[in-house]
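*Asks:* have a look at this prediction, sequence included:
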Protein chains: 2
Amino acid sequence: MARAATTQDVFNAVAERRRREILDLLAGGERSVGDLVALVGIAQPLVSKHLRVLREVGAVRVREEGRQRMYRLNGAALQPVRDWIRGYERIWSERFDRLDAVLDELTEQEQRDGADDD
Amino acid sequence: MARAATTQDVFNAVAERRRREILDLLAGGERSVGDLVALVGIAQPLVSKHLRVLREVGAVRVREEGRQRMYRLNGAALQPVRDWIRGYERIWSERFDRLDAVLDELTEQEQRDGADDD
DNA sequence: TTGACGCATTCCTATATGGGTATATGATCG
DNA sequence: CGATCATATACCCATATAGGAATGCGTCAA
């Protein structure tokens, strides 16, 4: 089996740098494909393909306007990512930080006088 | 070119369901590889491979204990994901929600009497 | 109607997987 | 030392890309 399809879930869709870039641009408002091509700086077919992936996971919406297609962000589709990462907020915000730091040092010490890893 | 390497950035690393599962388990505390194998329910070599990816992006740390290797979460490595998704909080929380809803309806209406998409 | 424009899709290639199986490596025990 | 346990790695396969080039197709202008 290969990696899961990018159209399968949002996590895979946003794993791609360009697609995050596109979403970031759309966060600023509607854009035509041509605009995105100019802004992202990659070939038009590629932009179209990325947009398709984003469409398939529901992260963007299209609106036709003459020959142009205006794309718009649909933030709701990103919620699974937000929800997942939220579970880790505790780890950053709470005092676990200090405990982690201590454990880190211990680990690194052991690593040093043990095998060297990676 | 193929998709970016999973070891290239955290986004690609956590795009995989199993790896998120592993991280979630580690969020509850240190675990040996054997524990993870039992909990995740996939073959040991696979768990080891996922752990390697997570190690390479810094999302987990290892500590050797006899023949076992204890893995521990390193939440800091997930911050790029958090930071990115944070930029969208505004979109969820603010009143843009209502505007989005309206635009959505308009879009769907146009889609209906225009070509059907997808 | 013909031509140009704006996008989407198709075909092609190189590459990086995720899963499985077999095997190597290291540590502990008898 | 030899056997066994806990992990990691190597190798094989099917699959899904991301990027490039060429083309299809609907829309608008002359």
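*Replies:* Thanks, I have it.

*Asks:* helix, strand, or coil at whichever residue of chain A sits closest to DNA strand D?
*Replies:* Using Cβ to the nearest atom of the strand, the single residue of chain A nearest to DNA strand D is A:A2, 2.3 Å away. To be clear about C-beta, it is placed using only N, CA and C from the backbone, and glycine gets the same treatment. Of the three states, A:A2 takes coil according to DSSP: H, G, I helix; E, B strand; the rest coil.

*Asks:* count of residues packed around it?
*Replies:* 6 (other Cβ atoms under 10 Å in any protein chain shown).

*Asks:* how are the helices of chain A distributed by residue range?
*Replies:* Applying DSSP state H to chain A gives helices spanning A:10-13, A:17-26, A:33-40, A:44-56, A:79-86, A:89-93, A:96-113.

*Asks:* most tightly packed of the ones you listed?
*Replies:* helix A:10-13 (a mean of 23; mean count of other Cβ atoms under 10 Å in any protein chain shown).

*Asks:* once you drop chain neighbours, what's closest to the most centrally placed residue in chain A?
*Replies:* Compute the mean C-alpha point of chain A, and by Cα atoms, centre = their mean the closest residue is A:V14, 3.1 Å away. Computed as Cβ to Cβ, 6 or more residues apart in numbering or on different chains, the closest residue to A:V14 that is not its neighbour in sequence is A:R20, at 5.5 Å.

*Asks:* list the contacts of that neighbour.
*Replies:* If you count contacts by Cβ atoms under 8 Å, 6 or more residues apart in numbering or on different chains, A:R20 has them with A:V14, B:F11, B:W84.

*Asks:* for chain A, what lies in contact range of DNA strand C?
*Replies:* Contact residues (Cβ under 7 Å from any atom of the strand) of chain A with DNA strand C: A:1-4, A:32-35, A:37, A:44-45, A:47-49, A:51-52, A:62, A:67-69, A:115.

*Asks:* quick one on the thing from earlier: any chance of the helices of chain A in a markdown table, plus distance to B:L25 and mean pLDDT?
*Replies:* A markdown table is the format used below for the helices of chain A (distance: least, Cβ to Cβ, whole Å; pLDDT from 0 to 100):
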| stretch | distance to B:L25 | mean pLDDT |
| --- | --- | --- |
| helix A:10-13 | 17 | 96 |
| helix A:17-26 | 27 | 97 |
| helix A:33-40 | 37 | 97 |
| helix A:44-56 | 29 | 97 |
| helix A:79-86 | 14 | 95 |
| helix A:89-93 | 14 | 80 |
| helix A:96-113 | 16 | 56 |
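
*Asks:* which residues sit against stretch A:70-82?
*Replies:* A:9-11, A:14, A:23, A:26-27, A:29-33, A:36, A:51, A:57-64, B:81, B:85, B:88-89, B:91-92, B:100, B:103-104, B:107.

*Asks:* do it and DNA strand D come into contact?
*Replies:* No - Stretch A:70-82 does not reach DNA strand D (Cβ under 7 Å from any atom of the strand); its nearest approach is 12.6 Å.
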